[in-house]
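> generate coordinates for the sequence data below:
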Amino acid sequence: MGERSMCADSGERAVVEHTGEVYPGLYVAGMAAGAVHGAPRMGPIFGGMLLSGRKAARLILRDLDGEVTHAAAGELATEETAR
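Numbering: from 1, shown residues only. The predicted structure is shown next:
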């Protein structure tokens, strides 16, 4: 889709808002989040980029934690069966 013309305020809000998973296992942050969702360009506003990156990292860790928890439960069940 691509980005629209520059509007720093709305672009910064949109980048943080649209940061996240766009396809199973594929996350977008920063300018990629804006481009995927057709948000306005941010210009030289790095605060939104940092917030977007932090949000993406937290979402990924949350999702990985769920996978690790499920994997660990499976490993425990396998260990118990082996005993």
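
> any low-confidence regions in this structure?
Scanning the chain for pLDDT under 70 picks out the ranges 1-8, 43-45, 68-83.

> contacts only, for residue 30.
Residue 30 sits next to 15, 19, 48-49, 52-53 when contact means CB atoms under 8 Å, 6 or more residues apart in numbering. Any C-beta I mention is one placed from the backbone N, CA and C, and that applies to glycine too.

> against residue 66, how distant is it?
Separation of residue 30 from residue 66 (CB to CB, to the nearest Å): 24 Å.

> try residue 38
In terms of CB to CB, residue 38 sits 30 Å off from residue 66.

> do the same with residue 47
In terms of CB to CB, residue 47 sits 29 Å off from residue 66.

> repeat for residue 13
Counting by CB to CB, the gap from residue 13 to residue 66 is 28 Å.

> tell me which of those two has more neighbours.
Higher neighbour count among residue 13 and residue 66: residue 13, with 16 against 10, using other CB atoms under 10 Å.

> ok, residue 15 touching residue 41?
No: in this structure residue 15 lies outside contact range of residue 41 using CB atoms under 8 Å: 9.6 Å.

> list residues touching both of the two?
If you check residue 15 and residue 41 against CB under 8 Å, 6+ apart, the residues they both contact are residue 34.

> ok, these two, which is more surrounded?
Set side by side, residue 15 and residue 41 show more neighbours around residue 15, with 29 against 17, by other CB under 10 Å.
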